[in-house]
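**Student:** Provided below are the primary sequence and the corresponding predicted coordinates.
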2 protein chains.
Amino acid sequence: MNLAAAVTGEPGAEQRRAIAKTITLLESTRADHRAQADALLTALLPYSGKSLRLGISGVPGVGKSTFIEALGLFLIARGHRVAVLAVDPSSSISGGSILGDKTRMERLSMDERAYIRPSPSSGTLGGVAEKTREAMLVCEAAGYDIVIVETVGVGQSETAVAGMTDMYVLMQLPNAGDDLQAIKKGVMELADLVVINKSDLDHAAATRAQAHISSSLRLHGMHGHAHDEAVWHPLVMQLSALKGDGLDQFWAAVSRFQQLQAGNGSFASKRQQQSLAWMWERIQAGLKQQFSEAPPVRAALSTITERVLQGQLAPSTAARELLTKFSGDKPS
Amino acid sequence: MNLAAAVTGEPGAEQRRAIAKTITLLESTRADHRAQADALLTALLPYSGKSLRLGISGVPGVGKSTFIEALGLFLIARGHRVAVLAVDPSSSISGGSILGDKTRMERLSMDERAYIRPSPSSGTLGGVAEKTREAMLVCEAAGYDIVIVETVGVGQSETAVAGMTDMYVLMQLPNAGDDLQAIKKGVMELADLVVINKSDLDHAAATRAQAHISSSLRLHGMHGHAHDEAVWHPLVMQLSALKGDGLDQFWAAVSRFQQLQAGNGSFASKRQQQSLAWMWERIQAGLKQQFSEAPPVRAALSTITERVLQGQLAPSTAARELLTKFSGDKPS
């Protein structure tokens, strides 16, 4: 538990090394590393959780790096310590990572009060997200009080990031009229805050986009408590990360959100829900893996799948057959 | 297999009894019934699939029954045979069913060419949806060429219905301005067609709602192929089910959708995807049940869950502990 003591110890070079070493251990696929990592996580857990977790996503080119660097420097100047993590399920394919190159956030990455870690690059989105969640707990235990998790819109990564953060911010470009840049179904609905970046490029377009997205969020966000002051209504704001315009308003909105959520108890209850959802998501993934690797299932899966696709077997019948093969593998 | 022959035989009283008997068998929880039912399903499967599956949902009061009855009579008059099924996960709680009372669709239910079946009332949404899917296959094998699956907006039932049908229709009331009736997150995005019913009550409001929803669907529906003629763009239309106004335009839109989907191959591929998704959904549900019922998991689950909620155990560590208990139950 030297490592745990170093992580929770004084900020400095030693702590940074301990954080990096811990996260590397968490990302290892070796069973003995995994056992060590779990013990370490359990030791660190009491020190974690005391942060604001901010999810930020947007398509490539929207200016995420510029925004996160500007925001990070803004927060550091106000006494915060900022960790920046990423969920990028494509990094295992591309070999690269949206955060692989720290020069993307050159000034922030050189600051002692910031910790930047590229996306883990292993396997499925669920696996990548799990390691980022665990890295978040480590950074929190080390005293980082703002954790930013960024993702580019790939597959379901936005949902994963929204599911591990307290507040989810979607970045948009100002040319969002009727012919908006692609927004995948359901992603807009995740947003607690929509930021239209690069508003300086075309202020009129940014204002039209703001109106359009606001109207759409109102349409979609109605849950029968439209005029309840104690409930957060998703905001849409303009800013220019490059010029630093709007950062203070952005942070004011984030702080308002945090106060409101803490005040009505939904901050803590959302985290508990996220923890349970995370546990069950990993159980489901693990069960699916055990299932797919069980010899009797492996022997039958492709034939049964083919029969379903050919319309020779009802999907529910197929599921029952395979489940029986799986449980038959086990004394009951 | 007498029953299978009767289901696929001549329309009439005997066929109706065979359909009802088959569906009752499918809904039974007895293991021997389930085995019979699976054999029956497999026998019927080659006769199924030759229908248009239409999902219809909307909040209570939107006029679903009136619309479905009007549509059913309209279709029967044009030579179709129409089955109406339902997914109502609340029916096991309320004891009733959104379709329990056939007098809701009095004229349609008395017609020989229509078959109306209330929602199964057992357990989880997944279980209810499974039985409705199976009932759909039975009705298709009996020659019903239009299957309507209705649901009231409860939990995730809209997603379930959209996932078992070829086309998903969302019904709305005309008072949909900024203060729209509640639309749950993500449901609007499921719609291939939005119907604003009762347009005769307030034509101006219906037109405003139509414009508003159209604009929102355009905003949300962009997937990079906005101007591709071969891709369906969700439509918003007004009608009055009570007066029968707009049914012909509605059916023309449905037919256009069907032709477009059949023409570009997406009709068949969507059904294959739905079949695979259904199989894996049932496998996941079955695995979760086997997991939750395994003695070593049962013994530990509540304690471990509590430790996760108290922040004493990381959710991923908890998942690994429980999975080890589960697989340890099994020789590997």
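**Tutor:** Good, I have the coordinates.

**Student:** what about the strands in chain A?
**Tutor:** With DSSP state E as the criterion, chain A has strands at A:52-57, A:82-86, A:114-116, A:146-151, A:167-172, A:193-196, A:235-238.

**Student:** any chance of those in JSON lines, with distance to chain B and mean pLDDT too?
**Tutor:** Placement of C-beta: from N, CA and C, glycine included. Below are those laid out as JSON lines (distance: least, C-beta to the nearest C-beta, whole Å; pLDDT from 0 to 100):
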{"stretch": "strand A:52-57", "distance to chain B": "14", "mean pLDDT": "96"}
{"stretch": "strand A:82-86", "distance to chain B": "15", "mean pLDDT": "95"}
{"stretch": "strand A:114-116", "distance to chain B": "19", "mean pLDDT": "95"}
{"stretch": "strand A:146-151", "distance to chain B": "15", "mean pLDDT": "96"}
{"stretch": "strand A:167-172", "distance to chain B": "11", "mean pLDDT": "94"}
{"stretch": "strand A:193-196", "distance to chain B": "12", "mean pLDDT": "94"}
{"stretch": "strand A:235-238", "distance to chain B": "12", "mean pLDDT": "93"}
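
**Student:** in TSV, list those along with mean neighbour count.
**Tutor:** Below are these laid out as TSV (neighbours: other C-beta atoms under 10 Å in any protein chain shown):
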stretch	mean neighbour count
strand A:52-57	24
strand A:82-86	27
strand A:114-116	23
strand A:146-151	26
strand A:167-172	25
strand A:193-196	24
strand A:235-238	20
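
**Student:** what would those look like in CSV with distance to residue A:293?
**Tutor:** Formatted as CSV, the strands of chain A follow (distance: least, C-beta to C-beta, whole Å):
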stretch, distance to residue A:293
strand A:52-57, 33
strand A:82-86, 29
strand A:114-116, 36
strand A:146-151, 29
strand A:167-172, 34
strand A:193-196, 42
strand A:235-238, 46
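
**Student:** show me the shaky parts of the stretch 51-200 of chain A.
**Tutor:** A:91-103, A:122, A:154-155, A:176-185 (pLDDT under 70).

**Student:** quick one, helices of it?
**Tutor:** A:64-77, A:91-94, A:106-109, A:125-141, A:157-162 (DSSP state H, counting those that start in this stretch).

**Student:** so which of these gets nearest residue B:316?
**Tutor:** Closest to residue B:316 of those is helix A:125-141 (C-beta to C-beta; 5.3 Å).

**Student:** extract the CA atoms of that closest one and return them as CSV.
**Tutor:** The C-alpha coordinates for helix A:125-141 follow below in CSV (Å, rounded to 0.1, in the frame of the first residue of the first chain):
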residue,chain,number,x,y,z
LEU,A,125,-16.2,0.8,-25.0
GLY,A,126,-17.3,-0.7,-21.7
GLY,A,127,-13.8,-1.7,-20.9
VAL,A,128,-12.3,1.7,-21.9
ALA,A,129,-15.0,3.5,-19.8
GLU,A,130,-14.3,1.2,-16.8
LYS,A,131,-10.7,2.1,-16.8
THR,A,132,-11.4,5.8,-17.2
ARG,A,133,-13.8,5.6,-14.2
GLU,A,134,-11.2,4.0,-12.1
ALA,A,135,-8.6,6.5,-13.2
MET,A,136,-11.0,9.2,-12.1
LEU,A,137,-11.2,7.7,-8.6
VAL,A,138,-7.4,7.7,-8.4
CYS,A,139,-7.2,11.3,-9.5
GLU,A,140,-9.8,12.3,-6.9
ALA,A,141,-7.9,10.4,-4.2
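
**Student:** next, the angle from that helix to strand A:82-86.
**Tutor:** Orientation check (axes from the mean of the first three to the mean of the last three C-alpha atoms, to 10 degrees): helix A:125-141 against strand A:82-86 gives 170 degrees.

**Student:** any idea how far helix A:125-141 is from the middle of the chain?
**Tutor:** When distances are taken as C-alpha atoms, centre = their mean, to the nearest Å, helix A:125-141 is centred 9 Å away from the chain's centroid.

**Student:** what does stretch A:159-171 give?
**Tutor:** Worked out by C-alpha atoms, centre = their mean, stretch A:159-171 lies 6 Å from the chain centre.

**Student:** same check on stretch A:200-218?
**Tutor:** With C-alpha atoms, centre = their mean, you get 25 Å for stretch A:200-218.
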